[in-house]
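Asker: sharing a model prediction with you, sequence too.
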Amino acid sequence: MSSPQKVEVKKQHCENHQKCMEMIQAVLDGSASPEEMEHFKSHIDECLPCIEGYELEKSIKEGLRNKIERKCCPQKTIDLLKVKIGISLVTVGFLVVEIKLFKLFFLP
Ligand SMILES: [Zn+2]
């Protein structure tokens, strides 16, 4: 394998942009394999359209994530609390029933 020369000037046009964007998506999703990560890192350094695509995708994803987190987290916490309270209420309820049954059967 011949070692690729370091290109100083970034490519203005990506001949494989569709493929590059798929790779970028995979990297951003965290589903890229180590090989893909390596290829991505070496490629992104020299490919201008892909750098721009990567930055764009990244900011969209981060913006989306922030929005979802801001919207969902408090509601999620409330739901979780409700469930927990519900479970403990049910547990207490069962306990009371058990004590009543116990008294009924075993106490004179
Ligand atoms: Zn590219």
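Answerer: Perfect, I can see it now.

Asker: do the helix or strand where Leu101 lies and the ion meet?
Answerer: The secondary structure element spanning Leu101 is helix 48-106 (assigned by DSSP states H and E). Yes - interface with the ion: helix 48-106 contributes Cys50 (Cβ under 5 Å from the ion). Bear in mind the C-beta positions are built from the backbone N, C-alpha and C, glycine included.

Asker: what is that helix packed up against?
Answerer: Here helix 48-106 is seen to pack against helix 17-29, helix 34-44 when contacts are counted using 3 or more Cβ pairs under 8 Å, 6 or more residues apart in numbering; DSSP states H and E.

Asker: which of the ones you listed sits most buried?
Answerer: Burial among those, expressed as mean neighbours by mean count of other Cβ atoms under 10 Å, is greatest for helix 17-29, which shows a mean of 16.

Asker: which secondary structure elements does that one contact?
Answerer: Helix 17-29 sits against helix 34-44, helix 48-106, with contacts defined as 3+ Cβ pairs under 8 Å, 6+ apart.

Asker: what lies in contact with that helix?
Answerer: 14, 32, 36-37, 39-40, 43-44, 47, 49-50, 53-54, 57-58, 61 (Cβ atoms under 8 Å, 6 or more residues apart in numbering).

Asker: okay, the helices and strands packed on helix 17-29, which one's buried deepest?
Answerer: Each of the helices and strands packed on helix 17-29 was scored by mean neighbour count; the highest is helix 34-44, a mean of 13, by mean count of other Cβ under 10 Å.

Asker: nearest to Lys82, out of the helices and strands packed on helix 48-106?
Answerer: The closest of the helices and strands packed on helix 48-106 to Lys82 is helix 17-29. By Cβ to Cβ, the value is 31.9 Å.

Asker: pLDDT averaged over that closest one, what's the number?
Answerer: Within the predicted structure, the mean pLDDT of helix 17-29 is 90.
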